[in-house]
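**Q** Attaching a predicted model along with its sequence, questions to come.
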Amino acid sequence: MKTGTAAADNRARPIGVFDSGIGGLTVLKALVDALPAEDFIYLGDTARLPYGTKSSEVILRYSRENTEFLLAKGIKLLVVACNTSSAIALDVIASATMVPVIGVIEPGADAAAKASRNAKIGVIGTEATIASGAYTRAIQRVQPEAEIYTRPCPLLVPLVEEGWIDNDIAERTVGLYLESLKTSGIDTLLLGCTHYPLLRSVFARVLGPGVRIVDSATATARVVQQRIAKLKLGRSKGIGGRSFFVTETPDRFIRVGRRFMGAVVESAVRIER
């Protein structure tokens, strides 16, 4: 095969994205907005969510299985949209994978550090993500003097999965979780879970206008866009396709997924695990 043909074949390959469930669609939406000509394959491990309450060994195994599935689809780049997998498994996956691998921790941490004016940053996420300390280390690499206040919020993922994103239950739950962060004087809140952007309006009401809310989706999409350009792997023409795979209940994924991405989530294929 000629070199030019091989390069063209690589450009034509899709980008793979995986998450523990539906929340990674916030990242996929940002990726589609940034790279509309690209094909994307999304895997939501809906049968085994949430990852945030699992052991590191289990999270690593699930992340490897998700990676293997997407690699078998011939992807040219992998986005680990799950914060928990990014915190626990990213380095292991990247070291064993031939294609470039990008997680959501570093882009999100960089965005939060740049957004903060008083260097007091709150981080919320799953129990495993917060316990890993990955966001704290990543923020301090960018802004060593930062004061970082973390809070695991395990009930928020189930709320979003149920579609309870703007009711009294959501507001009371968020209020309880964020009470200590609010009194600490943070001026920036980093949403360390892909599900949390759907609760952005609730966070804003609870914290007030003085706190900036940052999520990693847009920042991650920017990093992917830069990496694709640097490696000359981008497609410049046309509108790409989106394929969705889940490990349980496609109908529910489609219904809830449309809250994230709209009608583009029109079908999903269930795979066995």
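**A** Cool, got the structure. Numbering: from 1, shown residues only.
**Q** where does the residue nearest in space to the middle of the chain land on pLDDT?
**A** For the chain, the residue nearest the mean C-alpha position is residue 81 (3.2 Å; CA atoms, centre = their mean). Listed pLDDT for residue 81 reads 97.
**Q** next one: residue 2
**A** At residue 2, pLDDT is 39.
**Q** can you check residue 19 too?
**A** As predicted, residue 19 sits at a pLDDT of 96.
**Q** can you check residue 223 too?
**A** At residue 223, pLDDT is 96.
**Q** Show me the strands in the protein, by range?
**A** Along the chain, the stretches classed as strands by DSSP state E are 15-19, 40-44, 77-80, 101-103, 120-125, 147-152, 188-192, 212-215, 242-246, 269-270.
**Q** Rebuild the ones you listed as TSV, extending it with mean neighbour count.
**A** Any C-beta I mention is one placed from the backbone N, CA and C, and that applies to glycine too. Shown next, in TSV, are the strands of the chain (neighbours: other CB atoms under 10 Å):
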stretch	mean neighbour count
strand 15-19	28
strand 40-44	25
strand 77-80	26
strand 101-103	23
strand 120-125	26
strand 147-152	18
strand 188-192	28
strand 212-215	21
strand 242-246	21
strand 269-270	12
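**Q** Would you format those strands as CSV with distance to residue 134 included?
**A** Listed next are the strands of the chain as CSV, based on distance: least, CB to CB, whole Å:
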stretch, distance to residue 134
strand 15-19, 16
strand 40-44, 22
strand 77-80, 12
strand 101-103, 9
strand 120-125, 9
strand 147-152, 10
strand 188-192, 9
strand 212-215, 16
strand 242-246, 26
strand 269-270, 31
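**Q** Please name the bridge partners of residue 102.
**A** Counting by DSSP bridges, residue 102 is bridged to residue 79.
**Q** show me what contacts it?
**A** 77-80, 220, 223-224, 227 (CB atoms under 8 Å, 6 or more residues apart in numbering).
**Q** same question, residue 116
**A** Counted by CB under 8 Å, 6+ apart, residue 116 has contacts 143, 146, 187-188, 212.
**Q** what does residue 178 give?
**A** By CB under 8 Å, 6+ apart, the neighbours of residue 178 are 122, 124, 151, 189, 203, 206-207.
**Q** again, 6 Å this time
**A** residue 206 (CB atoms under 6 Å, 6 or more residues apart in numbering).
**Q** cool, residue 87 as well?
**A** Applying CB under 6 Å, 6+ apart, the residues contacting residue 87 are 105, 129, 132, 134.
**Q** picking that back up, quick one: the contacts of residue 116 as JSON lines, columns for distance to residue 56 and pLDDT too.
**A** Shown next, in JSON lines, are those (distance: CB to CB, whole Å; pLDDT from 0 to 100):
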{"residue": "143", "distance to residue 56": "27", "pLDDT": "96"}
{"residue": "146", "distance to residue 56": "25", "pLDDT": "97"}
{"residue": "187", "distance to residue 56": "32", "pLDDT": "98"}
{"residue": "188", "distance to residue 56": "28", "pLDDT": "98"}
{"residue": "212", "distance to residue 56": "31", "pLDDT": "98"}
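**Q** would you turn those residues into TSV with distance to residue 233?
**A** Below are the contacts of residue 116 laid out as TSV (distance: CB to CB, whole Å):
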residue	distance to residue 233
143	31
146	34
187	38
188	33
212	33
